[in-house]
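**Student:** sequence unknown, structure follows:
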C-alpha cells in the first residue's frame, strides 16, 4: 500500500523522532500517522461528513525582515498545516499530526491563533 522513502545515509539511520517518510499513490507523507489520518479524513469526505479536504496548506506567520538595502536579515516564519477541511455546519478545521509536540510547534500554533484566529487541532499518536 505504501513504501518508505530512503534518500541518503542520514535517512537510513532513522529520524531523530523515529518518523518514516512514506510515498503512496496519492502523494508523499511525513509519517505513517499522517498517512493514516489522511485515509480516515478521505473516507469521511467520501461519506459526505466533511468537505473541501486539503493537504499542506502554507501560511506565512512572520514575513522576511530586510535592511534598508534590501538584504534579507531574517527569513520568513512559515507554518504548513497537515490537513484542512470544512464541517457540515460551516466550521473550518485545521489539523496537524504529531508524534511529539515540540516547543517550536507550540509557538507556531499560538501565532496561527493570534494572526489568523485559527486554532490548530493536534492529532497525536495513540
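**Tutor:** Arrived safely. As the structure is a prediction and not an experimental result, all values here were calculated from the model.
**Student:** buried stuff in stretch 55-65?
**Tutor:** Within stretch 55-65, the residues that count as buried by 16 or more other C-beta atoms under 10 Å are 55, 59, 61. Glycine gets a C-beta too; all of them are placed from N, C-alpha and C.
**Student:** Confirm for me that the second one is in contact with residue 113.
**Tutor:** No - in terms of C-beta atoms under 8 Å, residue 59 does not count as a neighbour of residue 113; the distance is 11.6 Å.
**Student:** Can you tell me the closest non-neighbouring residue to residue 93?
**Tutor:** In this structure, residue 93 finds its nearest non-sequential neighbour in residue 85, 5.6 Å apart by C-beta to C-beta, 6 or more residues apart in numbering.
**Student:** For whichever strand or helix holds that neighbour, which strands pair with it and how are they oriented?
**Tutor:** Residue 85 is part of strand 77-86, with elements assigned from DSSP states H and E. Strand 77-86 has the following strand partners under DSSP bridges: strand 51-62 (antiparallel), strand 92-98 (antiparallel).
**Student:** Would you map the strands across this structure?
**Tutor:** Along the chain, the segments classed as strands by DSSP state E run 3-4, 22-24, 27-29, 51-62, 65-66, 72-74, 77-86, 92-98, 120-124.
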